[in-house]
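Chemist: How does the following fold in three dimensions:
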Amino acid sequence: MAFGIKPPDPTAFPADYKQQFDELGYARIPGFINTDEVAMIHGCLRRVIAEVVPTMPVADVFYEDKADKTSLKQLIRLYQHDDFFEQLYLKSRFFALAEFLLGRPVVGRNMQYFNKPPGIGQPTPPHQDGYYAKLTPIEGMTMWLALEDVDEENGCVRYINGSHRRGVRPHGKTGTLGFSQGITDYGDEDRAAEVCMIARPGDLLVHHALTIHRADANRSTTRSRQALGFIYYSARAREDEAAVRKYQEELTKEMLAAGKL
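Modeler: Presented below is the predicted three-dimensional model:
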C-alpha cells in the first residue's frame with residue numbers, strides 16, 4: 001500500500017486544513033495523493049468492476065441505465081467488498097486526516113465510488129449528508145477524492161460557505177438514485193452563494209456532515225467524472241440504527257418497484 005499509515009502526530013497535517021474545515025465547512029486539499037497513487041486506484045477499480053461488481057448485492061450497485069453496464073454511477077460499501085479499498089479507507093492517511101479535522105477519534109461508516117458518465121450523468125441534488133446519517137450529535141464528514149479532472153462542464157461539487165453552522169434544512173424525496181433526499185427550499189440565494197470546486201486527479205475535498213453541497217449533471221459528451229467518497233463519523237456520535245435501517249429498506253423497495261435497481 002503506497003498511501004502511508006496513520007500518522008501518530010497530528011502536526012503531520014498543516015493547520016490550515018482544519019482552519020478551512022472549521023470556518024467554511026469544507027477543506028480543499030490539492031494533490032493529497034500523487035499520480036502513481038491515482039493510477040493504482042484506477043487499476044483496482046477496473047479489477048473490482050470486472051470481477052467483484054457482478055457478485056455485489058443489487059442495492060450496492062447503481063447504474064444510470066441498469067440495462068447498460070457502461071453507465072455505472074455508484075458503488076456503495078466498496079470497502080466491504082474488496083481488501084484494497086478496506087485498507088485505503090481504514091488504514092491510510094485518509095483515516096488519520098478525518099481524526100485530525102474532527103479533532104477526535106472517528107469510525108468508518110461508508111466508502112463509495114461515484115461516477116457521472118459522459119452525457120448522461122445526472123445532477124446531484126442539494127443536500128446535507130447529516131440528514132441521512134441520523135446522528136446525535138451530528139459529527140461526521142465526507143471526503144471526496146477526484147480521480148479525473150472535474151470542472152463546471154462535467155459536474156463539479158458546489159459548496160455553500162459556513163452552511164454547516166446553520167443546522168439541518170428541510171429535505172424531501174428527489175427521485176435521484178443514490179441521493180434520494182434533497183433540500184426542498186433551495187433557492188436563488190443559495191445558488192448565488194455556491195462555490196464551485198474545480199479539481200484535478202488526486203485533489204481531495206472534505207466537507208462536514210452539515211455542509212450544503214450539490215453537483216450539476218455531466219454535460220460533457222466525452223469525459224466521465226469519477227471519484228471516491230470516504231464517510232467517517234465521530235466515535236462519540238450515536239446513530240439511530242433502526243431509523244437508518246427502516247429508511248434503507250423502504251428506499252430499496254421503492255427503487256426496485258420503479259425498476260431502478
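Chemist: Please name the residues that touch V53.
Modeler: For V53, the contacting residues are 61, 72, 75, by Cβ atoms under 8 Å, 6 or more residues apart in numbering. To be clear about C-beta, it is placed using only N, CA and C from the backbone, and glycine gets the same treatment.
Chemist: quick one, helices of the stretch 101-250 of the chain?
Modeler: For the stretch 101-250 of the chain, the helices defined by DSSP state H, counting those that start in this stretch cover 129-133, 188-193, 241-257.
Chemist: residue closest to the middle of the protein?
Modeler: When Cα atoms, centre = their mean is applied to the chain, the residue found nearest the centroid is G229 (3.4 Å).
Chemist: Distance of the nearest residue to that one once chain neighbours are set aside relative to R238?
Modeler: Leaving out its chain neighbours, the residue that sits closest to G229 by Cβ to Cβ, 6 or more residues apart in numbering is Q112, at 4.3 Å. Q112 sits 22 Å away from R238, going by Cβ to Cβ, to the nearest Å.
Chemist: now do H164
Modeler: Taking Cβ to Cβ, one finds H164 at 19 Å from R238.
Chemist: So for the two, which residue has more residues nearby?
Modeler: H164 (24 against 11; other Cβ atoms under 10 Å).
Chemist: what's the pLDDT at the more buried one?
Modeler: H164 is assigned a predicted lDDT (pLDDT) of 97.
Chemist: check contacts around it.
Modeler: Taking Cβ under 8 Å, 6+ apart, we find H164 in contact with 25, 207-211.
Chemist: again, only this time at 7 Å
Modeler: By Cβ atoms under 7 Å, 6 or more residues apart in numbering, H164 lies in contact with 25, 208, 210-211.
Chemist: ok, which pair from those residues is furthest apart?
Modeler: G25 and L210 (7.1 Å; Cβ to Cβ).
Chemist: so what sits against both of the two?
Modeler: Here G25 and L210 have 163-164 as joint contacts, going by Cβ under 7 Å, 6+ apart.
Chemist: neighbour count winner among the two?
Modeler: Neighbours per residue (other Cβ under 10 Å) separate G25 from L210, with G25 holding more: 25 against 22.
Chemist: What distance do you get for the closest residue to R169 other than its chain neighbours to G130?
Modeler: In space, and not counting its chain neighbours, R169 is closest to I183: 4.7 Å by Cβ to Cβ, 6+ apart. Applying Cβ to Cβ, the value for I183 to G130 is 12 Å.
Chemist: Could you do Q226 as well?
Modeler: To G130, Q226 is 25 Å away according to Cβ to Cβ.
Chemist: is it true that K73 touches Y113?
Modeler: No. Here K73 does not reach Y113: they are 9.0 Å apart, not a contact under Cβ atoms under 7 Å.
Chemist: Go through stretch 177-191 and flag the buried ones.
Modeler: Within stretch 177-191, the residues scored as buried using 16 or more other Cβ atoms under 10 Å are 177-183, 186, 190.
Chemist: cool, and stretch 107-122?
Modeler: Buried residues in stretch 107-122, counted by 16+ other Cβ under 10 Å: 108-118, 121-122.
Chemist: on that earlier part again, out of the contacts of V53, the closest to V168 would be?
Modeler: L75 (26.9 Å).
Chemist: Would you check that the residue nearest to G229 makes contact with Q80?
Modeler: No. With contact defined as Cβ under 7 Å, Q112 does not reach Q80; the gap is 11.1 Å.
Chemist: give me the low-pLDDT residue ranges for the stretch 101-250 of the chain?
Modeler: Counting by pLDDT under 70, the stretch 101-250 of the chain shows low-confidence ranges at 178, 241-250.
Chemist: Tell me which stretches of it form strands.
Modeler: Using DSSP state E, counting those that start in this stretch, the strands of the stretch 101-250 of the chain run over residues 106-114, 124-127, 135-136, 140-146, 157-160, 171-176, 179-183, 194-197, 204-208, 213-215, 227-234, 238-239.
Chemist: Packing partners of the fifth one?
Modeler: The helices and strands touching strand 157-160, judged by 3 or more Cβ pairs under 7 Å, 6 or more residues apart in numbering; DSSP states H and E, are strand 194-197, strand 213-215.
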